[in-house]
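> take this sequence and fold it.
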Amino acid sequence: QVQLVESGGGLVQAGGSLRLSCAASGRTASIYAMGWFRQAPGKERDFVAAINWSDGSTVYADSVKGRFTISRDNAKDTVYLQMNSLRPEDTAVYLCAARGWGIGAYSDYRPYDYWGQGTQVTVSS
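Residues are numbered from 1 along each chain as shown. This is a model prediction of the structure:
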């Protein structure tokens, strides 16, 4: 089992920045990739970004490219999401997820086995 705990959400004005953190514990050696997803009220869960735990390669949703940066600190078993130039449409609960090796795109939520509880990000206009 892998446990994930997010932190760093909050309220920010449009154009501002936030950094989310997700600390993993437990069987972290089984992690192949970690990702961030978000879900706004009444909407589906959307992919935001993902990172390969071994080589650090990254994937981003088109809507956040150039504004968000995902990174990881293997020594701390932590993944980060630096969010700049925030927009009101970025408002959502942000969820951290971890997956083992397997088929399926990083942007597909289904291969992710472990999920955090989520952290609220609210961007005011």
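> what residues are up against the residue nearest the centre of the chain?
For the chain, the residue nearest the mean C-alpha position is Trp36 (1.9 Å; CA atoms, centre = their mean). Counting by CB atoms under 8 Å, 6 or more residues apart in numbering, Trp36 touches 20, 22, 48-50, 70, 79, 81, 94-97. In short, each C-beta sits where N, CA and C put it, glycine included.
> swap in 7 Å and give it another go.
Contacts of Trp36 were listed using CB atoms under 7 Å, 6 or more residues apart in numbering, and they are 48-49, 70, 81, 94, 96.
> what strand or helix carries it?
strand 33-39 (DSSP states H and E).
> sheet partners, orientation included, of that strand?
The pairing partners recorded for strand 33-39 under DSSP bridges are strand 46-52 (antiparallel), strand 92-99 (antiparallel).
> buried deepest among those, which one?
When neighbours are counted by mean count of other CB atoms under 10 Å, the highest per-stretch mean among the strands paired with strand 33-39 falls to strand 92-99, a mean of 23.
> what packs against the helix or strand following that one?
Along the chain past strand 92-99, the next helix or strand (assigned with DSSP H and E) turns out to be strand 114-115. Using 3 or more CB pairs under 7 Å, 6 or more residues apart in numbering; DSSP states H and E as the contact test, the elements touching strand 114-115 are strand 2-7, strand 92-99.
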